[in-house]
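In: here is a sequence with its predicted model. Questions after.
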Amino acid sequence: MNLLLPLLALSSFLLACTAKSQTDPGEADPNQASYELVELDAYSFRRAYHDQEGLKEAELEAFMNRNPEAMYLFTNENQHAALFALLTEHKILVDGDLNLQLVDSLPEPTTYQFSKSKELQLETRLLEDPKQVKTPSYELTFRDNEKIVLIDTLPFDWPPDVQFFTMDLNKDGKEELFTVFHWYIINGDNYDVHIYELRE
C-alpha cells in the first residue's frame, strides 16, 4: 500500500505531461516559428458624384463607374516610394487612380504564398458582435498544414464592406495581402487600401 500511492502519483504526472505535449490542431503551436502581419503601405481614394448635370447616358455611366481618384498626390518621391512604382507597374494604380477591375475578393478559404516553397492557408471572418469587438473587425487566420501560425484582426468602420486580394508585387515569391475598405459618404464612394506582408 505504501508503494501504491507514489506509483499512482507518478502515473498521473506522466499522463499530464504527455497530454500537455500534444498540441491541439485548433491552437497555435508554441514550438512553431513566430509570424506577424506587417503593414507596408496605405492609400486613400474617392469617387465623387457631383458635377454630373448635363451628362448623357453613356457619359453618365462612364462617369459613375470611373476609377476612384487618389485623395492625395502620390509620387515616387513621397512616403509611398516603396510600392508606388510596383503598384503602377502591375496596373493596380492607373494614372494614380485605383483600378477597380483588379480588386476582387479572395475565395474563402484561400491560400497565401509565404515564399517560393511555402504556402499557407488563409481564412477571414467578420467579427461584428459588440460583445466581442468594439468596432467591426476581420479576423485573419493563417495555417501551416492545419496548424494555426497566426491569428490577427484588422479593424474597419461600419459598414464593413471589405475585399481582400493578393499579389506578388516584386516577384520575390512572397505575396502581399491587400485590403480594400469601401464606404459611401457625402455624394461619393471612398476606398481605403492597405497593403500587408506576413513575416517570420
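Out: Okay, I see it. Quantities reported herein were computed from a predicted structural model and do not represent experimental measurements.
In: and the pLDDT for Ser105?
Out: For Ser105, the pLDDT comes out at 78.
In: which stretches of the protein form helices?
Out: Here the chain has its helices, by DSSP state H, at 4-21, 57-64, 81-89.
In: where's the closest residue to Leu55 other than its chain neighbours relative to Met71, distance?
Out: Excluding its sequence neighbours, the residue lying closest to Leu55 (CB to CB, 6 or more residues apart in numbering) is Phe63, at 5.7 Å. Glycine gets a C-beta too; all of them are placed from N, C-alpha and C. Shown here: Phe63 relative to Met71, a distance of 18 Å by CB to CB, to the nearest Å.
In: for this protein, what are the low-confidence residue spans?
Out: Scanning the chain for pLDDT under 70 picks out the ranges 1-33, 74-81, 160.
In: can you give me the strands in it?
Out: 36-48, 69-70, 93-94, 97-98, 110-115, 118-127, 137-144, 147-155, 162-167, 176-184, 188-199 (DSSP state E).
In: what packs against the last one?
Out: When you say that, I think you mean strand 188-199. strand 36-48, strand 176-184 (3 or more CB pairs under 8 Å, 6 or more residues apart in numbering; DSSP states H and E).
In: got it, and the first one?
Out: With contacts defined as 3+ CB pairs under 8 Å, 6+ apart, the packing partners of strand 36-48 are strand 69-70, helix 81-89, strand 97-98, strand 147-155, strand 188-199.
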